[in-house]
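[1] Generate coordinates for the sequence data below:
(one chain, ligands or ions: 1)
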Amino acid sequence: MDGAFQITTDWWSACARQMLLKTRTIEDKQVTRTAKRLPADLISAKNSIASDRISPLDSGMSIPSATDITRDLVRFNTINPPGHEKLCSDYLGALLLDAGFEVDSYQYGDERISLVARLAGTGGKKPICFGGHTDVVTLGNQAWSVEPFAGDIVDGRIYGRGTCDMKSGVAAFVHMGLRLAAEPRGAADIVLVMVAGEETGCDGSKHLQDLGVLPEAGAMVIAEPTSNYPVLGHRGALWLNVTAHGKTAHGSMPQLGDNAVYKAARAVSKLENFGFNVPPDSLLGSTTHNVGTFHGGININSVPDRASFTIDIRSIPGHRHDEIIADLARYLGGDVEIETVVDVAPVLTKADDPWVRDVFELMTPRLGTAPEPRGAPYFTDASALTPACGNPPTLILGPGDMALAHQTDEYCDVAMIEDAAEIYETIARRWCEA
Ligand SMILES: [Zn+2]
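    The predicted structure follows:
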């Protein structure tokens, strides 16, 4: 039998033994405390789980490495949409529950579950929180030269969709959690937040924010790919759908209609020269905008009565999204309607924050030089998780080259995953010191 596909029956039945169902209700949303007994579909899904390791659930056995966990996670197809992260969440929940974490699961869609896992400390200090998402983006149009859901390792790289963005980051902090759970408790809780649905606009983390179930944290690490470089924040994202309406008529008699494509096209042309009159942020640059799609008309011989396009705006701290919409509405005039599709806030922690300074100091020997303040080009769950946790200082720090996220033949260096697990452990230990 191919070891990579051997069923780990003992491991999974041990998981199932550990799991009890306890349900409570928060604001009419069903919340399941701990993972429930493994359903049949998960039992069969485990066919694709690596078995070349010993279960941590058989007491006294080794903890799976961050790389092993990454491989397991990559084998769950969680392309979003539709996401269907439930099996992946069940797997993570079972690991953490057995290690001694309290695990709460929150369902916000069909087969979509986010997890909040807490390793209780002895008290006296606010929790440290690690966050990441379990969904991945589509494979894209280009053919892959590797199997995207196998988690194969070649020449020190693990290949597959989500290896970089960001199942390796989740795996690294889960591994850290398993290790620290086996030791006497520190002063602070360690909270791991694993959300479904980030790629479409932080839906999963916003759901947790709306439920109000996250603790007030003292520090937050978002494990998105930064090649393990500590990054202080990122711009926000405001995605808008802009629609022009008109009146349809036969294409041979355009004078009887009102062409919506012309209206939308005029608006797009104006946008090319639009500039937000806001001074740039020294770290994150300027607010930018890009028209990403344009759709109009149904057939060639009709006057189109509807046309629409989308704008991706990336905003710097202090540039309010309601002001951006008002500015655009004024600039584009009454010919178009503006509708918000995604609205996620910018996040930026000051470089002189004491915890940031502490982490920078911890990172200096690893990097060979003191980290410099940097921002990430993309947005992350920090947009929702940081405010939901009381706006603690937040760093984006995770394995994987950010340039490889969403790419064909995505991969992550194994060494970087193991390094990330060590870095998280160092950060968590330091935070949890009395
Ligand atoms: Zn990501």
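
[2] So is stretch 164-174 next to the ion?
    Yes. With CB under 5 Å from the ion as the threshold, stretch 164-174 lies in contact with the ion, specifically through 165-166. Bear in mind the C-beta positions are built from the backbone N, C-alpha and C, glycine included.

[3] Settle this for me: residue 431 is touching residue 128, isn't it.
    Yes. If you go by CB atoms under 8 Å, residue 431 and residue 128 touch, sitting 4.3 Å apart.

[4] Tell me the residues that contact both of these two, please.
    Contact criterion CB atoms under 8 Å, 6 or more residues apart in numbering; residues bridging residue 431 and residue 128 by contacting each: 188, 218-219.

[5] what's the nearest residue to the spatially most central residue of the chain if we skip its chain neighbours?
    The central residue of the chain, meaning the one whose C-alpha is nearest the mean C-alpha position (CA atoms, centre = their mean), is residue 133 at 3.6 Å. The shortest distance from residue 133 to any residue that is not its chain neighbour, by CB to CB, 6 or more residues apart in numbering, is 3.4 Å, and that residue is residue 198.

[6] My guess is the one you found contacts residue 378. True?
    No. Because the distance of 10.4 Å does not satisfy CB under 8 Å, residue 198 is recorded as not touching residue 378.

[7] Neighbour count for the two, which is higher?
    Neighbour comparison, residue 198 and residue 378: the larger count goes to residue 198, with 31 against 15 (by other CB atoms under 10 Å).

[8] Confirm that that one lies within a helix, as I assumed.
    No. When classified by DSSP: H, G, I helix; E, B strand; the rest coil, residue 198 is found to be coil rather than part of a helix.

[9] May I have the beta-bridge partners of whatever residue of the stretch 1-150 of the chain ends up closest to the ion?
    Scanning the stretch 1-150 of the chain for the residue nearest the ion gives residue 133, at 5.6 Å (criterion: CB to the ion). Applying DSSP bridges to residue 133 yields these beta-bridge partners: residue 195.

[10] do residue 116 as well
    Beta-bridge pairing of residue 116 under DSSP bridges involves residue 104, residue 193.

[11] tell me the contacts of it?
    Going by CB under 8 Å, 6+ apart, residue 116 touches 103-104, 106, 191-194, 208, 213-214.

[12] do that again at 7 Å, thanks
    Taking CB atoms under 7 Å, 6 or more residues apart in numbering as the contact definition, residue 116 lies against 104, 191, 193, 208, 213-214.

[13] Do a quick rundown of the helices in this protein.
    9-18, 40-45, 66-74, 86-99, 168-181, 203-211, 260-272, 321-332, 354-367, 382-388, 414-432 (DSSP state H).

[14] Adding mean neighbour count and mean pLDDT, write the ones you listed out as TSV.
    Converted to TSV, the helices of the chain look like this (neighbours: other CB atoms under 10 Å; pLDDT from 0 to 100):
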stretch	mean neighbour count	mean pLDDT
helix 9-18	17	40
helix 40-45	14	38
helix 66-74	27	98
helix 86-99	24	97
helix 168-181	27	98
helix 203-211	22	97
helix 260-272	17	97
helix 321-332	15	96
helix 354-367	15	97
helix 382-388	26	98
helix 414-432	21	98
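
[15] so where's this protein shaky on pLDDT?
    With pLDDT under 70 as the threshold, the chain has low-confidence stretches at 1-61.

[16] and it, which of its residues are near the ion?
    Proximity of the chain to the ion is confined to 165-166, 224 under the rule CB under 5 Å from the ion.

[17] Could you identify which of those residues has the most neighbours?
    residue 166 leads the residues of the chain next to the ion on contacts (other CB under 10 Å) with 30 neighbours.

[18] Verify the stated contact: it with residue 132.
    Yes. Taking CB atoms under 7 Å as the definition, residue 166 is a contact partner of residue 132 at 5.3 Å.

[19] Now for these two: what residues contact both?
    Here residue 166 and residue 132 have residue 223 as joint contacts, going by CB under 7 Å, 6+ apart.

[20] that older thread, quick check, the residue nearest to residue 133 in contact with residue 204.
    Yes. With contacts counted by CB under 7 Å, residue 198 reaches residue 204, the gap being 6.2 Å.

[21] Check the gap between the residue nearest to residue 376 when sequence neighbours are not counted and the ion for me.
    Computed as CB to CB, 6+ apart, the closest residue to residue 376 that is not its neighbour in sequence is residue 234, at 4.3 Å. According to CB to the ion, to the nearest Å, residue 234 and the ion sit 11 Å apart.

[22] And for residue 245?
    Between residue 245 and the ion the distance, using CB to the ion, works out to 36 Å.

[23] Same question for residue 389.
    18 Å.

[24] Enumerate every residue touching the closest residue to that residue other than its chain neighbours.
    Spatially, and ignoring its direct neighbours in sequence, residue 389 is nearest to residue 217 (3.9 Å; CB to CB, 6+ apart). Taking CB under 7 Å, 6+ apart as the contact definition, residue 217 lies against 126-129, 191, 389-390, 392.
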